[in-house]
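**Q** missing the sequence, but the structure's below:
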């Protein structure tokens, strides 16, 4: 017990579990539903977990099932979940910095002085201001568009804009429309603000603050920032081209649009598929060759210390550099002009392999618990839950409660697991005073 309280970051799972239980209770009362009927416990638990873990996956028709009270609870849980993730990530960085030696702490302070190592209050305040400022801008643009172009009343336009802005920036995917955002797939004044909000929220505050501060000199970015920023650009570009090529003639997705419309819908969907969770095109009508792309995008996710899920962009591309160095026979893994520590390489490998194992086990469990489920459907749904994305091929609502509980557990693990695992690894580094003789086993 003393070891746990020595590193309070290890209490992160409990910090997320308590609001989930409170949210479940608030969603279990009659006023939470439109029909004034008490929802099933599993439905309330699933929705509360999905909201706080900023997933956005639903087992019912959100706008036609939950009342105004229920939607307000979902919005508050989403905002608390997003801020909680950012706050915990900030505290993890601060806690880890205190475990470093004096020389390394000075280096860390030199690299991170702009976002307040050693000044918790200023750091958390800056994160809060950034979140609310971005959400305010998104709300204003979307609400203004709904008011002027779609003739919404000012109150309805403001509530709709605010709800979707909170969902987008926090990389959740609850929507106030039965078909997601399909009705706005050709409207850049609605789709693009939400897409860019999801991208900014998914970068993570260390990468975001440093990129803004040193935008004229990207060569001076830290390795994590370079991996996050350039990795995000690479994934967006690659995914955009893939979707255009695979869905160009598909009349059920983007095939019926003109060239401009296809480009807009493809980019918006790819940007929101990395953990944003909104449907801009019919996900359950994709061509078969598109599913591997979306599964990969969801699994990779966004940046570290962000509202996004997945194994993180920096983890994925760091492993790519590890493979490249191994193929070239280089003794060190280098990114730019920086050598990556062996400990970081091992942590990236640990996170990636454990995530693969959890997705594989979850997929098998869903197939066994849900009759008639195809492999690609189960894999898509499980990856979406674990990566806290929220995209769905329509399987979750038709699953038995046992299957929905599996997805609930995966959402919880996918949200707090990487935080808890990363902090535990970083805070539990031990140095042995001896080393065993080295041996090279046969690999491959």
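**A** Right, received. Where do you want to start? In this text, all values refer to a predicted model and were calculated from it rather than measured experimentally. Numbers count the residues shown, from 1 in each chain.

**Q** Which helix or strand lies directly C-terminal to the helix or strand containing residue 357?
**A** Using DSSP states H and E, residue 357 maps to helix 342-369. Next in sequence after helix 342-369, counting helices and strands by DSSP H and E, comes helix 375-386.

**Q** got the angle for that next one vs helix 342-369?
**A** 130 degrees (axes from the mean of the first three to the mean of the last three CA atoms, to 10 degrees).

**Q** what does helix 375-386 rub up against?
**A** Contact with helix 375-386 is made by 55, 57, 277, 288, 291, 294-295, 298-299, 309, 355, 358-359, 362-363, 366-367, 370, 389-393, 395-396, 406-407, 410-411, 413-414, as judged by CB atoms under 8 Å, 6 or more residues apart in numbering. For every residue, glycine as well, the C-beta is placed using N, CA and C.

**Q** which of those count as buried?
**A** Those of the contacts of helix 375-386 that meet the buried threshold are 55, 57, 277, 291, 294-295, 298-299, 309, 355, 358-359, 362-363, 366-367, 370, 389-393, 395-396, 406-407, 410-411, 413-414, by 16 or more other CB atoms under 10 Å.

**Q** Just those: which are in helices?
**A** Those of those mapping onto helices are 291, 294-295, 298-299, 355, 358-359, 362-363, 366-367, 406-407, 410-411, 413-414, per DSSP state H.

**Q** picking up where we left off before, now the helix holding residue 357 and helix 291-300, what's the angle there?
**A** Between the axes of helix 342-369 and helix 291-300, defined by the same axes, to 10 degrees, the angle is 130 degrees.

**Q** And helix 342-369, what does it pack against?
**A** helix 313-327, helix 375-386, helix 401-427 (3 or more CB pairs under 8 Å, 6 or more residues apart in numbering; DSSP states H and E).

**Q** which stretch among these comes nearest residue 150?
**A** Residue 150 sits nearest to helix 375-386 of all those, at 29.0 Å, using CB to CB.

**Q** and that closest one, which residues are buried?
**A** Neighbour counts over helix 375-386 (16+ other CB under 10 Å) mark 377-386 as buried.

**Q** quick one, what contacts the spatially most central residue of the chain?
**A** Central residue of the chain (CA atoms, centre = their mean): residue 308, 2.1 Å from the mean position. Residues counted as contacts of residue 308 (CB under 8 Å, 6+ apart) are 171, 201-202, 204, 274-275, 301-302, 388.

**Q** in which helix or strand would I find the closest residue to it other than its chain neighbours?
**A** Leaving aside its chain neighbours, residue 308 sits nearest to residue 302 (2.5 Å; criterion: CB to CB, 6 or more residues apart in numbering). Of the helices and strands defined by DSSP H and E, none includes residue 302.

**Q** Look up phi and psi at residue 302.
**A** Phi and psi for residue 302, reported as degrees, to the nearest 10, are phi -110, psi -150.

**Q** count of neighbours near it?
**A** 32 (other CB atoms under 10 Å).

**Q** Model confidence at it, what's the number?
**A** pLDDT for residue 302: 89.

**Q** re the thing from before, from the contacts of residue 308, which two are the most distant?
**A** Within these, two members stand farthest from each other by CB to CB: 204 and 388, at 14.2 Å.

**Q** ok, those two, which is more surrounded?
**A** Counted by other CB under 10 Å, residue 204 and residue 388 do not tie: residue 388 has more neighbours, with 35 against 25.

**Q** That one - nearest residue in space that isn't next to it in sequence?
**A** In space, and not counting its chain neighbours, residue 388 is closest to residue 309: 3.3 Å by CB to CB, 6+ apart.

**Q** Low-confidence bits of the stretch 101-250 of the chain, can you list those?
**A** By pLDDT under 70, the weakly predicted segments of the stretch 101-250 of the chain are 101-121.
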